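Student: Show me the folded form of this:
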Amino acid sequence: MSIAPARTPVRSSVDALTADLVASTGRTVPIPSPATGEPISDLPRSSADDVRGAVSRARLAQLAWARLGFAERRRVLLRAHDLLLDRREELLDLTQLESGKTRGQAFEEVFQAASVTRWNALMARRVLGGGRRRSGIPLVLSTRVRHRPKGVVGVITPWNYAVSLAAMDVVPALAAGCAVVQKADDQGALSVLALRRAFIDAGLPEAVWAVVAGDPGEAGEALTDEVDYICFTGSTATGRRIAEKAGRRLVGASLELGGKNALIVLDDVDVEQAAADAAHACFSSMGQLCVSIERIYVHRRVAEPFTAALVARLSDPRIGSGLDHDADYGSLATESQLQRVRSHLDDAVAKGARVVVGGRARPDIGPWAFEPTILADVTPDMRAANEETFGAIASIAVVDDETEAVLLANESEYGLNASVLTGSTRHGLRLAHEIDAGSVNVNEGYRGSFGSVDAPMGGLKESGIGRRNGVEGLRRFVDPVTISINRRLIPLPHTGREYARLVGPLVLLARVLRAIRRA
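Tutor: Below you'll find the model as predicted:
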């Protein structure tokens, strides 16, 4: 079923947003909408010099931003939180126009950005405020820890979840007292600029968060050459290169990379509910999400009814990208995404895979629209078996027991997200402990972990290093500094004779602390 791509005007001027980009080259590139293929805007290109200038200005602005302290930064961030909610319709419009996703899936992004902003605003002082620590010689020495902002953070974000992924890296950096220079993907730059504008209007100094756009080989390379910490979301291949550069420069990096995420369907499920959960887990944003499910392992005892329910749910999908809530599934975002999906599908079918449902492009809906597709009989020699498709295709396989399912789920170079569908929470939790993934959802595809901004999010194996969200995501933007004070209650030793007199009392002190279980 197709949903007409009805359009209403975006509520802010696209030209005003693109003017916020740091760019001086005079060159532009047209950004097409997945709904029509027609350009939304002509996006200015940033040069390497533009990036270096933005970093230089951010470095100066960061000093004043850090000096404001937690209370003033909290005030700005909470005001930005309110503006994000107030301006949600504009953000939803832009997100849909750039990505082709449905209104509901766009709302997930805006809600996530607001949640991330609120959490970091309210938790930054508690997490990063520092305080006293136990000293080597109690009472004699006093020790405390403060957290020093790393400085200027470089954030490189993809097109697929431009708003929420930007917020998850940029906002905690700002809360920690850092400045940010963000390299936005061309296809998501307008959404990022609208997000940033809310923070500027809330009181954030413009130089504290700059946005650049352009060729990754120019703007992206210049950014990673200059900043004090790097956040990257994207492919494993690019992540490796960024990690190598960060290592040579001895700066930190957090990298969320690829995934080939698995879903296990146990034999105690309600098959209709499981089919609904699986369809959403695989094809929310048409599979163009790092934590989307691409592999389904279903227990043999429920394989037939579950597959039938899944096929029924996907046989007449409501596909569209109108600025309303009528569609259940959106479009692929770009021509290159459509070509990748087609190449994985053609390769699999040529090698013996069977299309269970879907498998067709839908140019009647949009230039890059494609039906949600389930493949069976996928073998290891097929690209769809092990490579991340990142759109519109998932495979299904039957297993004899949960042990086989877990082994197959873990048989991947990736380890980003996984899911278990079951009638027993306890059963699902036990299996969750056996799966090699940075996040595991029970009776949900990805939204439980993805939306839990108080909990860390990241990958194992080739799915990346570091964590975003939660305490771990906030602490990556600071360096702990230990400060110790000699209170001069007793003289500390300097000479051999002075050490000799102090050995006995210090040994006694160590034994007393051990006896009273003081660390």
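Student: how close does N469 get to L122?
Tutor: Counting by C-beta to C-beta, to the nearest Å, the gap from N469 to L122 is 14 Å. For every residue, glycine as well, the C-beta is placed using N, CA and C.
Student: brain fart, E444
Tutor: In terms of C-beta to C-beta, E444 sits 25 Å off from L122.
Student: just to revisit the earlier point, neighbour-wise, which of N469 and L122 wins?
Tutor: N469 (25 against 14; other C-beta atoms under 10 Å).
Student: and that one, what pLDDT?
Tutor: For N469, the pLDDT comes out at 97.
Student: Is it in contact with Q112, as I believe?
Tutor: No: contact between N469 and Q112 fails when scored by C-beta atoms under 8 Å: they sit 9.8 Å apart.
Student: Helix, strand, or coil at the nearest residue to V478 once chain neighbours are set aside?
Tutor: Once flanking residues are discounted, V478 sits nearest to H147: 3.9 Å by C-beta to C-beta, 6 or more residues apart in numbering. Of the three states, H147 takes strand under DSSP: H, G, I helix; E, B strand; the rest coil.
Student: got the contact list for H147?
Tutor: 128-130, 176, 475, 478-481 (C-beta atoms under 8 Å, 6 or more residues apart in numbering).
Student: how about those, which pair is most distant?
Tutor: The span of the contacts of H147, defined through C-beta to C-beta, is set by G129 and D479 at 14.9 Å.
Student: okay, the two: which has more neighbours?
Tutor: Taking other C-beta under 10 Å, G129 and D479 do not tie; D479 has more neighbours (14 against 11).
Student: now the closest residue to that one other than its chain neighbours: how far from S142?
Tutor: Nearest in space to D479, with sequence neighbours left out and distances taken as C-beta to C-beta, 6+ apart, is R148 at 4.9 Å. Look at R148 and S142: by C-beta to C-beta, they are 19 Å apart.
Student: Near V29, how many residues? Count them for me, please.
Tutor: 14.
Student: Give the bridge partners for it, please.
Tutor: Beta-bridge partners recorded for V29 (DSSP bridges): L43.
Student: from the chain's centre, how far out does the lengthiest helix in the chain sit?
Tutor: The longest helix of the chain (DSSP state H) is helix 103-128. Computed by C-alpha atoms, centre = their mean, to the nearest Å, the chain-centroid distance of helix 103-128 equals 12 Å.
Student: Can you name the next helix or strand after it?
Tutor: Next along the chain after helix 103-128, taking DSSP states H and E as the criterion, comes strand 131-133.
Student: Which other helices and strands does that next one contact?
Tutor: strand 141-149 (3 or more C-beta pairs under 8 Å, 6 or more residues apart in numbering; DSSP states H and E).
Student: what angle separates the strand it packs on from helix 103-128?
Tutor: Between strand 141-149 and helix 103-128, the angle comes out at 150 degrees (axes from the mean of the first three to the mean of the last three C-alpha atoms, to 10 degrees).
Student: Flag every buried residue along strand 141-149.
Tutor: 141, 147, 149 (16 or more other C-beta atoms under 10 Å).
Student: between those residues, which is nearest L85?
Tutor: With C-beta to C-beta as the yardstick, the closest approach to L85 among these comes from P149, at 27.4 Å.
Student: what is that closest one paired to in the beta sheet?
Tutor: Counting by DSSP bridges, the residues bridging with P149 are V478.
Student: what's the answer for the one 5 residues further on, then?
Tutor: Under the criterion DSSP bridges, G154 forms beta bridges with V181, I230.
Student: For the residue nearest the centre of the chain, identify the helix or strand it belongs to.
Tutor: Centroid check for the chain by C-alpha atoms, centre = their mean gives L165 as the closest residue, at 4.6 Å. In the assignment (DSSP H and E), L165 maps to helix 162-175.
Student: so that helix versus strand 141-149, what angle?
Tutor: 140 degrees.
Student: what about G214, neighbour count?
Tutor: The burial count for G214: 27, using other C-beta under 10 Å.
Student: just checking, it touches S46?
Tutor: Yes: between G214 and S46 there is a contact under C-beta under 8 Å: 4.2 Å.
Student: Name the residues contacting each of these two.
Tutor: 23, 25.
Student: rewinding a little: show me what the helix holding L165 packs onto, helices and strands only.
Tutor: helix 69-86, helix 88-99, helix 103-128, strand 152-157, strand 179-184, helix 189-201, strand 229-233, helix 470-475.
Student: could these be laid out in TSV, adding distance to V399?
Tutor: Below are these laid out as TSV (distance: least, C-beta to C-beta, whole Å):
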stretch	distance to V399
helix 69-86	43
helix 88-99	34
helix 103-128	30
strand 152-157	36
strand 179-184	41
helix 189-201	40
strand 229-233	32
helix 470-475	33
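Student: how about the ones you listed, which one is nearest A19?
Tutor: helix 189-201 (9.0 Å).
Student: quick one, the closest one and strand 152-157 angle?
Tutor: Put simply, helix 189-201 runs at 140 degrees to strand 152-157, going by the same axes, to 10 degrees.
Student: So for the next helix-or-strand element following helix 189-201, mean pLDDT?
Tutor: Per DSSP H and E, helix 189-201 leads on to strand 209-212 as the next helix or strand towards the C-terminus. Averaged across strand 209-212, pLDDT comes to 98.
Student: Please save the CA atoms from the next helix or strand after strand 209-212 in CSV.
Tutor: Next helix or strand after strand 209-212 toward the C-terminus (DSSP H and E): helix 221-226. Provided in CSV are the C-alpha atoms of helix 221-226 (Å, rounded to 0.1, in the frame of the first residue of the first chain):
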residue,chain,number,x,y,z
GLU,A,221,40.6,14.8,7.6
ALA,A,222,41.2,18.4,8.7
LEU,A,223,38.9,17.9,11.7
THR,A,224,40.6,14.8,12.9
ASP,A,225,44.0,16.5,12.5
GLU,A,226,43.1,19.4,14.8
